[in-house]
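[1] Would you be able to build a 3D model of this:
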Amino acid sequence: MSLTVLKVNESFTRSAYFEYKLKDKHILIILACLFELLILQLKKFIFMLALDNFYQDRQATSKNYNLKISRSRLNKLYSKKNIFFKSTYRMYSTLFTDKELAVMGLSSLHPYATTSEDEIKNFYAWFAGFTDAEGYFYIAISSSCAFRFQINLHKDDMHVLYFIQKNLGFGEVRSYNNYSSFTVTRLKDVKKLIVIFSQYPLQGSKWLNYKDFAKAFELYTNSTYAADSNLLKEILEIKNGMNKLRSDYTSLKEINITPYWLLGFIEGEGCFSINKGNSYRLDFSLTQAYSNLELMKKIKSYLENLPNAGGNYANALGISIIKYSNINHQSTVRIETTRIPYITNILIPFLENLTWHSKKQLDFQDWKIILMLKEKGHHFTEQGVNLIDRILNQMNNNRLSTNTKVLKSNVDRSLLLADIKDILNGPSNFEVKNGKKFIISLNKYYKSSRKNSSVEILDDIGNIIISFEIL
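    Below you'll find the model as predicted:
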């Protein structure tokens with residue numbers, strides 16, 4: 001083997017050039033491979049430099065959630081101004097092995113793909129439920145057709161979109177000012193997506209949009225001439241009956257609720273709330289457009305008849321419908337429960353047994369903590385009330401990084417969890433006297449003020465639409 005320099009400009013000016021000639025072409029291939037490996041290692045090294053800047057702040061926020069890196073630190077680094085970190089953060093999942101990701105504690109921010117057959121099935125079921133809550137099917141028509149599936153979330157939930165992308169094996173994740181999106185636009189990937197939803201179907205009215213989306217896609221991809229005017233006219237007619245333009249919600253599809261479909265739907269649409277004005281009453285609810293009335297009835301029935309319910313919670317969840325005479329206001333349907341026996345014995349054990357993927361798990365965990373504090377009577381003490389208020393100050397929308405109304409001193413989660421642990425490990429504020437529950441801090445017997453309340457739902461001109469009792 002010999003390396004010969006054929007020409008070198010003697011003045012070494014900008015016009016100087018080199019021409020290399022290798023007798024053995026295999027050496028060139030080997031050198032190219034070595035160079036590629038060098039670039040790969042360099043990318044790893046660059047990312048680790050960026051990662052090291054915030055890796056010191058990593059902390060476990062809960063046993064189950066496994067979020068090991070300070071989210072506020074990550075949001076600060078993953079900003080528009082920090083282009084260096086942003087680009088390296090996007091590429092790290094392709095640079096490191098699953099084992100390396102786990103060691104670095106990055107699995108929950110950009111979880112690696114599931115491996116077992118059960119995990120894959122659970123993911124697809126969860127993804128279908130999450131799509132019923134957050135997904136969107138769209139067709140764009142000009143001289144040809146473009147098909148797009150999209151999920152938009154708050155920027156704090158970008159790791160959920162990366163989780164979806166990683167497990168599907170396709171799609172793109174993009175970040176904008178206050179939100180992030182996952183999109184599927186390539187025809188080959190749209191085809192894969194359609195197959196997935198045919199095997200793990202959507203359950204709500206969004207299934208109708210999926211069905212039309214798939215029909216239009218099949219027409220387009222099976223056509224020999226994509227710009228055919230009659231074809232585009234037929235697809236346009238389909239498009240004009242989708243999403244907000246849909247008027248016919250008739251569906252012959254049988255609704256089938258499964259645990260992971262329901263978890264995905266809850267992570268998208270569920271609400272775990274606390275009513276401060278009613279002795280910190282716990283409330284779990286789901287709200288949908290009226291077109292999903294049948295779906296909500298099925299969810300209500302499913303939750304009331306979970307395996308451990310034993311037929312004892314037939315009316316554990318209430319259902320209400322709000323209709324508006326104003327055509328600009330879409331009617332809604334809501335299911336909810338505030339019944340503590342059902343929440344404690346049925347709902348919480350069911351949800352605890354599933355693997356969550358979004359920050360809503362933190363809301364669920366905090367919701368449970370408030371229940372535990374109430375069960376020990378700490379909502380009757382000044383210390384307990386202050387602690388519950390601190391929890392509420394970083395629940396739901398108060399948890400968002402874009403929320404400027406919450407004082408930073410009140411959202412130190414590690415300090416909050418430490419204070420929660422201290423008070424829960426301490427003595428209860430309840431004791432039993434003469435067979436009755438006694439509140440130590442108030443020096444009086446506990447008397448529940450809970451009663452069934454009659455509620456009337458009115459339209460915008462005062463007509464009664466429906467009346468029911470809150471359980």
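[2] mind checking the end-to-end distance for stretch 263-282?
    One end of stretch 263-282 sits 19 Å from the other (CA to CA, to the nearest Å).
[3] contacting residues around stretch 361-373?
    The contact list for stretch 361-373 (CB atoms under 8 Å, 6 or more residues apart in numbering) reads 61-62, 64-65, 267, 272-274, 280, 282, 284, 340, 343-344, 348, 351, 356, 379, 384, 387-388, 391-392, 394-396, 399, 420, 423-424. (Glycine included, C-beta is placed from N, CA and C.)
[4] 6 Å - rerun?
    Residues outside stretch 361-373 that contact it (CB atoms under 6 Å, 6 or more residues apart in numbering) are Ser62, Tyr65, Phe272, Ile274, Leu282, Gly384, Ile388, Ile391, Met395, Asn396, Ile420.
[5] what number of residues lie near the fifth one?
    Close neighbours of Leu282, defined as other CB atoms under 10 Å, add up to 21.
[6] For it, give its distance to Leu232.
    Leu282 sits 53 Å away from Leu232, taking CB to CB, to the nearest Å as the criterion.
[7] swap in Val190?
    17 Å.
[8] Between the two, which is the more surrounded one?
    Set side by side, Val190 and Leu232 show more neighbours around Val190, with 23 against 19, by other CB under 10 Å.
[9] Which residue comes closest to the more buried one once chain neighbours are left out?
    Leaving out its chain neighbours, the residue that sits closest to Val190 by CB to CB, 6 or more residues apart in numbering is Phe147, at 4.9 Å.
[10] How about Lys405?
    Asn398 is the one closest to Lys405 (CB to CB, 6+ apart), at 7.8 Å.
[11] was I right about Leu286 contacting Arg334?
    No. At 7.0 Å, Leu286 does not count as touching Arg334 under the criterion of CB atoms under 6 Å.
[12] The two: which is more packed in?
    Using other CB under 10 Å as the criterion, Leu286 and Arg334 rank with Leu286 on top: 24 against 17.
[13] which SS class is the most centrally placed residue in the chain?
    Nearest to the geometric centre of the chain sits Ser358, at 4.1 Å (CA atoms, centre = their mean). Under the three-state scheme (DSSP: H, G, I helix; E, B strand; the rest coil), Ser358 adopts coil.
[14] Can you list the neighbours in contact with stretch 181-197?
    Contact with stretch 181-197 is made by 147-152, 161, 164, 170-174, 210, 214, as judged by CB under 6 Å, 6+ apart.
[15] coming back round to it: and the residue nearest to Val190, bridged to which residues?
    For Phe147, the beta-bridge partners are Ile139 (DSSP bridges).
[16] can you give me the strands for the stretch 201-350 of the chain?
    With DSSP state E, counting those that start in this stretch as the criterion, the stretch 201-350 of the chain has strands at 270-275, 281-289, 318-322, 332-337.
[17] Just tell me which of those ends up closest to Glu375.
    For Glu375, the closest of the strands of the stretch 201-350 of the chain is strand 281-289, at 10.9 Å, according to CB to CB.
[18] which parts of that closest one are buried?
    Leu282, Asp283, Phe284, Ser285, Leu286, Thr287, Gln288 (16 or more other CB atoms under 10 Å).
[19] and if you look at stretch 165-173?
    For stretch 165-173, a neighbour-count test (16+ other CB under 10 Å) marks Gln165, Lys166, Asn167, Leu168, Gly171, Val173 as buried.
[20] and those, which of them are in helices?
    Judged by DSSP state H, helices contain the following of the buried residues of stretch 165-173: Gln165, Lys166, Asn167, Leu168.
[21] nearest to Glu304, of the residues you listed?
    Asn167 (31.2 Å).
[22] Tally up the residues packed near Asn256, please.
    The number of residues packed near Asn256 is 10, by other CB under 10 Å.
[23] Ok, Arg399 next?
    Arg399 has 20 nearby residues by other CB under 10 Å.
[24] From Ala140, how far out is it?
    Counting by CB to CB - Arg399 and Ala140 are separated by 35 Å.
[25] Give me the distance between the two termini of stretch 252-267.
    Across its full length, stretch 252-267 reaches 27 Å end to end, with CA to CA as the criterion.
[26] since we're on the nearest residue to Cys145 once chain neighbours are set aside, how many residues are nearby?
    Spatially, and ignoring its direct neighbours in sequence, Cys145 is nearest to Tyr220 (4.9 Å; CB to CB, 6+ apart). With neighbours defined by other CB under 10 Å, the count for Tyr220 comes to 22.
[27] which non-adjacent residue is nearest Ala125?
    Ala125 sits nearest to Tyr260 (CB to CB, 6+ apart), 3.8 Å away.
[28] From Gly129, how far off is the one you found?
    According to CB to CB, Tyr260 stands 7 Å off from Gly129.
[29] Of the two, which one has the most company?
    Set side by side, Tyr260 and Gly129 give different neighbour counts by other CB under 10 Å, the larger being at Gly129 (28 against 20).
[30] Show the secondary-structure elements that the helix or strand hosting the more buried one is packed against.
    Under the criterion of DSSP states H and E, Gly129 resides in helix 117-134. Applying 3 or more CB pairs under 6 Å, 6 or more residues apart in numbering; DSSP states H and E, we find helix 117-134 packed against helix 259-269.
[31] can you tell me the average pLDDT over the helix it packs on?
    Across helix 259-269, pLDDT averages out at 97.
[32] Report the angle between it and strand 281-289.
    Helix 259-269 runs at 90 degrees relative to strand 281-289, counting by axes from the mean of the first three to the mean of the last three CA atoms, to 10 degrees.
[33] Can you give the distance of helix 259-269 from its chain's centre?
    Distance, stretch centre to chain centre, for helix 259-269: 9 Å (CA atoms, centre = their mean, to the nearest Å).
[34] Show me what it is packed against.
    helix 117-134.
[35] Let's see the helix it packs on as PDB, backbone CA atoms only.
    Output of helix 117-134 as PDB, limited to C-alpha atoms (Å, rounded to 0.1, in the frame of the first residue of the first chain):
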ATOM      1  CA  GLU A 117     -45.000  -8.700  24.400                       C
ATOM      2  CA  ASP A 118     -47.200  -7.600  27.300                       C
ATOM      3  CA  GLU A 119     -45.500  -4.200  27.500                       C
ATOM      4  CA  ILE A 120     -45.900  -3.700  23.700                       C
ATOM      5  CA  LYS A 121     -49.600  -4.600  23.900                       C
ATOM      6  CA  ASN A 122     -50.100  -2.300  27.000                       C
ATOM      7  CA  PHE A 123     -48.400   0.600  25.100                       C
ATOM      8  CA  TYR A 124     -50.600   0.300  22.100                       C
ATOM      9  CA  ALA A 125     -53.700   0.100  24.200                       C
ATOM     10  CA  TRP A 126     -52.500   3.200  26.200                       C
ATOM     11  CA  PHE A 127     -51.600   5.000  23.000                       C
ATOM     12  CA  ALA A 128     -55.100   4.400  21.600                       C
ATOM     13  CA  GLY A 129     -56.600   5.800  24.800                       C
ATOM     14  CA  PHE A 130     -54.300   8.800  24.800                       C
ATOM     15  CA  THR A 131     -55.100   9.400  21.200                       C
ATOM     16  CA  ASP A 132     -58.900   9.400  22.000                       C
ATOM     17  CA  ALA A 133     -58.000  12.200  24.400                       C
ATOM     18  CA  GLU A 134     -55.300  14.200  22.700                       C
END
